[in-house]
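In: okay, here's the prediction I keep looking at, along with the sequence it came from:
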Amino acid sequence: MNLPDNLYIGLMSGTSTDGVDGVLARIPGDGRPDVLAEASLPMPAALRRELLSLNAPGEDELARGALASAALAECYAQVTAELLHTAAVDAAHIAAIGAHGQTVRHRPDLGYTIQLNAPALLAERTGIPVVADFRTRDVAAGGQGAPLVPAFHAAIFATEAPRAVLNLGGIANVTLLAPGCPVTGFDTGPANMLLDVWCQRHTGQPFDRDGAFAATGTVDQNILEYLLSSEPWLGQRPPKSTGRDLFNAAWLDARLNAWEGYCRRLAPADIQATLQRFTASTVAQAIEREAPATRDVLVCGGGARNAGLMRDLAECLNRPVVPTDDHGVPAQSVEAFAFAWLAYAHIHRIPAGLPTVTGARGARVLGALYPA
């Protein structure tokens, strides 16, 4: 297929709902993709509140979900316009936009996953074809529909030694790469999600910048061990995926309430430090169980900017832990870059849904195309 300049845009608003990240990338069929422009937009406060609210059942949620989808598409359109302006590229030269949407329900065990999105509106606003709805085909084939990015990680970060690529958004997911072996990957548990909940509750800040709040506290081993042992999902073998359906404020409160008298003696910063170590511990346990030969871990997503979390990961993993910036891809842009690549894969009919990752009955081409 003859496409203009092999240029693709990827857009991502993750589980943390803090903003929209976008990249404009050149994806040649016979070489390494590269990012030509990056852009981001903070999530409007009212839209963020609505997206978070829609993660749970509520009044008139179908209409509210439709309106939130349209508002999110307008944010996507703004980021697209900024990317085109920064790169001085006309929309006519973009082959497609990959736009994931905002996951508000993820229950592959029940055969469904829901992402709020309005790809037809985005195509209308930008004049660019849009590829969206990346999870449902894999779920229809019996898979988890997640994680979506391991095929991209393999294309970008594969090496001659066993390696893990760790994405730290609201949820943590890991891709395991080993020479001569199928690509595998799965969610390991919460990354920033519980950290953000506790930080917002006790500091009023949306997230713990650089782990500064956690750094004023001390990890409580009793609470840490209880968190690690009390959730059966953490012990499940892959394929597996999760989200706010499981790990949320109610999940955290239920566990802390079980230790209510004990927790009264702890400062809020001690809980923050413990939750930070909990994230690092769940990642380390998952990698040690599934890929003990892993030599190094490349980290992307917002959590890669949390110096305290990165230190905890290095200590728990006892391996080199570095941001993907050290390998040529800015950590904050990796997921958006992945959706540019997933749009490319859809257009070129490349199966990006890998059964060794999701447990589906076979490899599947992911996404649905909305023409301009």
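Out: Everything's here; your move. Not measured: the values here are computed from a predicted model.

In: quick one, grab the pLDDT at residue 1.
Out: At residue 1, the pLDDT value in this model is 41.

In: typo on my end, it should be residue 4
Out: The model's pLDDT for residue 4 equals 53.

In: what bridges to the residue nearest to residue 158 when sequence neighbours are not counted?
Out: Nearest residue to residue 158, sequence neighbours excluded (CB to CB, 6 or more residues apart in numbering): residue 177, at 5.1 Å. Glycine gets a C-beta too; all of them are placed from N, C-alpha and C. Assessed by DSSP bridges, residue 177 has beta-bridge partners residue 163.

In: residue 177 and residue 159 touch, don't they?
Out: Yes - between residue 177 and residue 159 there is a contact under CB atoms under 8 Å: 7.1 Å.

In: ok, back up a step: so what's the residue nearest to residue 158 up against?
Out: Neighbouring residues of residue 177 by CB atoms under 8 Å, 6 or more residues apart in numbering: 153-154, 157-159, 162-165, 183.

In: try residue 314
Out: 320-321.

In: ok, back up a step: for the contacts of residue 177, which one is nearest residue 67?
Out: Ranked by distance to residue 67 (CB to CB), these are led by residue 153 at 34.3 Å.

In: remind me which residues of this protein are low pLDDT?
Out: 1-5, 31 (pLDDT under 70).

In: can you list the domain ranges for it.
Out: 7-145+353-370, 152-327 (the TED database).

In: how about these in JSON lines, adding distance to residue 344?
Out: Putting the domains of the chain into JSON lines (distance: least, CB to CB, whole Å) gives the following:
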{"stretch": "domain 7-145+353-370", "distance to residue 344": "4"}
{"stretch": "domain 152-327", "distance to residue 344": "10"}
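
In: so which of those domains gets nearest residue 335?
Out: domain 7-145+353-370 (4.5 Å).

In: gap between the two ends of the closest one?
Out: Start-to-end span of domain 7-145+353-370 (CA to CA, to the nearest Å) is 17 Å.

In: state the distance from the residue lying closest to residue 362 once chain neighbours are set aside to residue 239.
Out: Nearest residue to residue 362 in three dimensions, chain neighbours excluded: residue 355, at 5.8 Å (CB to CB, 6+ apart). From residue 355 across to residue 239, the span is 9 Å (CB to CB, to the nearest Å).

In: which one of the two has more residues nearby?
Out: residue 239 (21 against 18; other CB atoms under 10 Å).

In: pretty sure that one contacts residue 353?
Out: No - under the criterion of CB under 8 Å, residue 239 is not in contact with residue 353, lying 11.4 Å apart.

In: next, show the common contact partners of these two.
Out: residue 143.

In: specify the residue positioned farthest from the middle of the chain.
Out: In terms of distance from the mean C-alpha position of the chain, residue 261 ranks first, at 35.2 Å (CA atoms, centre = their mean).

In: okay, buried residues for the helix or strand that residue falls within please.
Out: Residue 261 belongs to helix 260-263 when assigned by DSSP states H and E. For helix 260-263, the neighbour count (16 or more other CB atoms under 10 Å) marks residue 263 as buried.

In: what about stretch 27-43, how long is it end to end?
Out: Stretch 27-43: ends 28 Å apart by CA to CA.

In: do stretch 39-56 as well
Out: Stretch 39-56 end-to-end distance (CA to CA) = 30 Å.

In: so where do the strands sit in the stretch 51-200 of the chain?
Out: 94-99, 102-107, 112-116, 130-132, 163-168, 171-177, 184-190 (DSSP state E, counting those that start in this stretch).

In: so can I have CSV of these showing distance to residue 30?
Out: Formatted as CSV, those follow (distance: least, CB to CB, whole Å):
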stretch, distance to residue 30
strand 94-99, 16
strand 102-107, 33
strand 112-116, 32
strand 130-132, 21
strand 163-168, 23
strand 171-177, 21
strand 184-190, 25
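
In: my guess is residue 309 meets residue 303, correct?
Out: Yes - between residue 309 and residue 303 a contact is recorded at 5.4 Å, counting by CB under 8 Å.

In: quick check: neighbours shared by those two?
Out: 168, 279.

In: sec struct for residue 351, please.
Out: Of the three states, residue 351 takes coil under DSSP: H, G, I helix; E, B strand; the rest coil.

In: which ones are touching it?
Out: Per CB under 8 Å, 6+ apart, neighbours of residue 351: 345, 363-366.

In: how about the helices in the chain?
Out: 45-53, 61-87, 119-126, 136-140, 150-157, 193-203, 212-215, 221-230, 249-258, 260-263, 268-290, 307-317, 334-347, 355-358 (DSSP state H).

In: buried deepest among these, which one?
Out: helix 334-347 (a mean of 28; mean count of other CB atoms under 10 Å).

In: CA atoms of it as PDB?
Out: Taking Å, rounded to 0.1, in the frame of the first residue of the first chain, the C-alpha atoms of helix 334-347 are listed here in PDB:
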ATOM      1  CA  VAL A 334       6.400   5.400  24.500                       C
ATOM      2  CA  GLU A 335       2.700   4.600  24.800                       C
ATOM      3  CA  ALA A 336       1.600   7.200  22.300                       C
ATOM      4  CA  PHE A 337       4.400   6.000  20.000                       C
ATOM      5  CA  ALA A 338       3.000   2.500  20.400                       C
ATOM      6  CA  PHE A 339      -0.400   3.600  19.200                       C
ATOM      7  CA  ALA A 340       1.100   5.200  16.100                       C
ATOM      8  CA  TRP A 341       2.800   1.800  15.400                       C
ATOM      9  CA  LEU A 342      -0.500   0.000  16.100                       C
ATOM     10  CA  ALA A 343      -2.200   2.200  13.500                       C
ATOM     11  CA  TYR A 344       0.600   1.300  11.100                       C
ATOM     12  CA  ALA A 345       0.100  -2.400  12.000                       C
ATOM     13  CA  HIS A 346      -3.600  -2.200  11.300                       C
ATOM     14  CA  ILE A 347      -3.200  -0.500   8.000                       C
END
